[in-house]
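Engineer: dropping the sequence and predicted coords here.
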Amino acid sequence: MNKVVLCATLALLCTVLESAEIQVQSNFDLNQFLGKWYIIGMASDARWFTSRRHKFTMSTILMKPVENDKVETILTKVRRGKCLQIILPYRMTEQDGQFEFHSDRWKSDNDVYVAETNYDEYALIHNIITTGPEVRTLVKLYGRGKELRPDILERFRQYCLTHGLEEENIVTFPKRGECRPTPA
């Protein structure tokens, strides 16, 4: 029992320390951030990502307000040859530019930070994913279009390296057409 409490305490401490290091976009403006984004790249230390990093493809995310403290986030992506939509109910926190959500499917709590954005071109999104005692990092590069300038791709790469992610686990996706989910 004491080992379980110790592991849980250490995981919580790691999450708090990791969160303290993540800076959010100063003067974050939710209204400018809402809308459609392409997921241009990702990097992570999570096994589910590192073991399949080359299978991921460009996808889209649509963010729109639904209630005072909630943002509906609709992820559209191809998985196993099918176009899927996944709705992630982000809740705003007291910190502008920070959101949180729980995934029942993956049994994880997710803290999402908009680390950097210029709103009309790109955004760096830093996620801390906690599943039981395991804490993992996932960084995403969003773009308003399917391509970004080389200097922005390099900013993404440097950001990931600065936050302890390994070079081989930093992936940018080739351009691809958008998938359109078929109604059920």
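Structural biologist: Received it, and whenever you're ready, just let me know what you need.
Engineer: give the contact list for Gly35.
Structural biologist: Counting by C-beta atoms under 8 Å, 6 or more residues apart in numbering, Gly35 touches 62-64, 144. Where C-beta positions appear, they are placed from N, C-alpha and C, glycine not excepted.
Engineer: kindly recompute the last result at 7 Å.
Structural biologist: By C-beta atoms under 7 Å, 6 or more residues apart in numbering, Gly35 lies in contact with Met63.
Engineer: for it, grab phi and psi.
Structural biologist: Recorded main-chain torsions at Gly35 are phi 120, psi -160, according to degrees, to the nearest 10.
Engineer: separation between Phe181 and Leu88?
Structural biologist: Quick fix: residue 181 is Pro, not Phe. As judged by C-beta to C-beta, to the nearest Å, Pro181 and Leu88 stand 15 Å apart.
Engineer: tell me the predicted confidence for Phe33.
Structural biologist: For Phe33, the model assigns a pLDDT of 98.
Engineer: Pro181 and Leu88: who's more crowded?
Structural biologist: For Pro181 versus Leu88, neighbours defined as other C-beta atoms under 10 Å are more numerous around Leu88 (17 against 13).
Engineer: okay, and the beta partners of that one?
Structural biologist: For Leu88, the beta-bridge partners are Thr73 (DSSP bridges).
Engineer: contacting residues around it?
Structural biologist: If a contact means C-beta under 7 Å, 6+ apart, then Leu88 has 73, 75, 101 as its contacts.
Engineer: do a quick rundown of the helices in the chain.
Structural biologist: 2-21, 30-33, 47-50, 150-162 (DSSP state H).
Engineer: who's in contact with the second one?
Structural biologist: Residues outside helix 30-33 that contact it (C-beta under 7 Å, 6+ apart): 63, 114, 117, 119.
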